[in-house]
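Engineer: Could you look at this predicted model? Sequence included:
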Amino acid sequence: MISVIVPVYNERDNVMPFYQELLSVFHALKAEYEIIYVDDGSRDGTGENLLRLQQLNPSVKVFQFRRNLGKSAALNLGFKQARGSIIFTMDGDLQDDPKEIPRFVAKLAEGYDLVSGWKRVRRDPFGKRFPSRIFNWLVRKLTGVPVHDSNCGFKAYRTQAIKDLNLYGELHRYIPSLVHWKGYRVGEIVVHHRSRKFGKSKYGFSRLIKGFLDLLTIRYIMTFKNRPMHFFGTLGIASIVSGTVLGLVLAYLSLIEHIIIVRPLLFLALLLIIVGIQLFSTGLLGEMIAQLREKDESYIKDALLPSRK
């Protein structure tokens, strides 16, 4: 079975055309399917249109949030409800072309666990394209995952790759990085991107700031999640050493050279030592939490490849 998860927010006029395009693709593939719509608190009648589709087709499932929770929450719910061995995520604004689905399936068959779409020719305004290019460049540099368009909503997954994937905030932008960090193979194909016909884009400048902060979170998780002492301990030692050296220099100047000490420098030395001790203590607490997490050994199970006979 193929599951398609479609988060929508105020896309009333796009619901029926998108559904009809999906149906034509699945009929051509002769594949069993389910379409999971997650209405993220729409206020324009989108929910009513989706419920009509659910009544017409038992393969359509509709879930509705009372208010707008964001795309990560919508995808999180969709992943938990999906029953297919192959799972697609697509935006419901008609900019993703359902005819690309067979190409994703073929790419997964090459041994990939996640295939991300790359909108090489993007039909969006410059004010949306340019920040996206900079953002994707930063993601590639900080995560080391060579995906050109990490935030592309058109993706295909094997079920095991997104099992226990916990999305919140703007983390949906970094699904390829999260999946890669868990040890799965991530691929990419160029997809046809279409101009928006109906509705308005939900893109805003505030998402750039939130996305950048979440990027720092991803970088920390990928590097130090299982060894927090390496992060906090390194900063703590550097702070303690800096404070101690500065204190010794001030002591030498005061006791040997009889030079009047500038009081702010003494306070700075003490502050560096105190902050260093706090960072070191935070690292120890982080290690204790990591040890408790390791007891259930679920992270080991996630890293195991399926057994072969």
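Structural biologist: Received the coordinates, thanks. Residues are numbered from 1 along each chain as shown.
Engineer: Buried ones in whichever strand or helix holds residue 102, by neighbour count?
Structural biologist: Element membership for residue 102 (DSSP states H and E) is helix 101-108. Neighbour counts over helix 101-108 (16 or more other Cβ atoms under 10 Å) mark 101, 103, 104, 105, 107, 108 as buried. To be clear about C-beta, it is placed using only N, CA and C from the backbone, and glycine gets the same treatment.
Engineer: Kindly report the same for stretch 177-193.
Structural biologist: Applying 16+ other Cβ under 10 Å to stretch 177-193 flags 177-182, 184, 186-189, 191-193 as buried.
Engineer: just checking, which of those residues belong to helices?
Structural biologist: 177, 178, 179, 180, 181 (DSSP state H).
Engineer: Tell me the one among these nearest to residue 244.
Structural biologist: Distance ranking of those against residue 244, using Cβ to Cβ, places residue 181 first at 36.3 Å.
Engineer: ranges for the strands of the stretch 1-150 of the chain?
Structural biologist: Along the stretch 1-150 of the chain, counting by DSSP state E, counting those that start in this stretch, strands occupy 2-8, 33-39, 60-64, 86-89, 114-118.
Engineer: can you put these in JSON lines and add distance to residue 283?
Structural biologist: Below are the strands of the stretch 1-150 of the chain laid out as JSON lines (distance: least, Cβ to Cβ, whole Å):
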{"stretch": "strand 2-8", "distance to residue 283": "38"}
{"stretch": "strand 33-39", "distance to residue 283": "39"}
{"stretch": "strand 60-64", "distance to residue 283": "41"}
{"stretch": "strand 86-89", "distance to residue 283": "37"}
{"stretch": "strand 114-118", "distance to residue 283": "32"}
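Engineer: how about JSON lines for the ones you listed, with distance to residue 25, mean neighbour count and mean pLDDT added?
Structural biologist: Below are the strands of the stretch 1-150 of the chain laid out as JSON lines (distance: least, Cβ to Cβ, whole Å; neighbours: other Cβ atoms under 10 Å; pLDDT from 0 to 100):
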{"stretch": "strand 2-8", "distance to residue 25": "10", "mean neighbour count": "25", "mean pLDDT": "94"}
{"stretch": "strand 33-39", "distance to residue 25": "9", "mean neighbour count": "24", "mean pLDDT": "94"}
{"stretch": "strand 60-64", "distance to residue 25": "15", "mean neighbour count": "19", "mean pLDDT": "93"}
{"stretch": "strand 86-89", "distance to residue 25": "10", "mean neighbour count": "25", "mean pLDDT": "94"}
{"stretch": "strand 114-118", "distance to residue 25": "15", "mean neighbour count": "25", "mean pLDDT": "93"}
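Engineer: Many thanks, have a good one.
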